[in-house]
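[1] fold the following, please.
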Amino acid sequence: MGRNSALVFFSFLGCIALTGCYGTLRDYSPKSEAESQVRQVLLAFEQAYNTGDKVGLSNCFHESPILVAEMGGVFPTGESLDGMVPKAFFSAMERFPKMQLGEPTIFITLDSGEKAVLEVVSSFGQERLPTKFSMLKNAQSWVIKKVLYY
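    From the prediction side, this is the model:
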């Protein structure tokens with residue numbers, strides 16, 4: 001094995017060790033209280049989407065959420081702000097009634113545990129979109145501030 005091949009191989013093994021092997025967000029084992037709380041909000045978000053619970057879905061968002069879709073298919077390409085974010089998800093619900101958050105790969109808690117980022121793959125039927133959720137802690141609860149589909 002050449003030096004570059006060995007480096008790639010060990011980098012790959014390191015990635016697996018750091019991220020774990022999780023099929024869905026439900027399978028993910030939180031490593032801190034913040035991770036556990038964020039995971040619960042995202043599971044509630046997924047459930048509200050799948051049951052068509054528009055109020056429950058909206059309650060998962062920050063008061064001024066941001067949605068960025070870098071590729072079309074499920075959401076219009078570009079940025080949606082504030083009241084347009086829940087509406088974009090309501091529209092997606094009509095075309096793609098089921099969503100699954102899977103393959104969590106990066107979980108970072110920032111600024112004394114008041115900001116978190118989680119990367120997953122969002123599945124809307126056959127559409128699979130890498131997704132980054134940026135979350136904030138409001139008072140005692142976590143909310144989704146930004147969703148980036150890339």
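
[2] where does pLDDT dip in the chain?
    Counting by pLDDT under 70, the chain has low-confidence residues at 1-22.

[3] now do the helices in it.
    3-19, 33-51, 54-59, 84-95 (DSSP state H).

[4] got the angle between the last one and helix 33-51?
    Calculated by axes from the mean of the first three to the mean of the last three C-alpha atoms, to 10 degrees, helix 84-95 forms an angle of 50 degrees with helix 33-51.

[5] contacts made by helix 84-95 with the rest, please.
    49, 52, 54, 57-58, 61, 65-67, 74-76, 80, 99, 124, 147 (C-beta atoms under 8 Å, 6 or more residues apart in numbering). C-beta: built from backbone N, CA, C; applies to glycine.

[6] if we go to 10 Å?
    45, 48-55, 57-62, 64-67, 69, 73-76, 79-80, 99, 124-125, 127, 144, 146-147 (C-beta atoms under 10 Å, 6 or more residues apart in numbering).

[7] cool, and the third one?
    The contact list for helix 54-59, computed with C-beta under 10 Å, 6+ apart, reads 41, 44-51, 53, 65, 83, 85-87, 89-90, 93, 141, 143-144.

[8] middle-most residue in the protein, spatially?
    Nearest to the geometric centre of the chain sits F133, at 4.1 Å (C-alpha atoms, centre = their mean).
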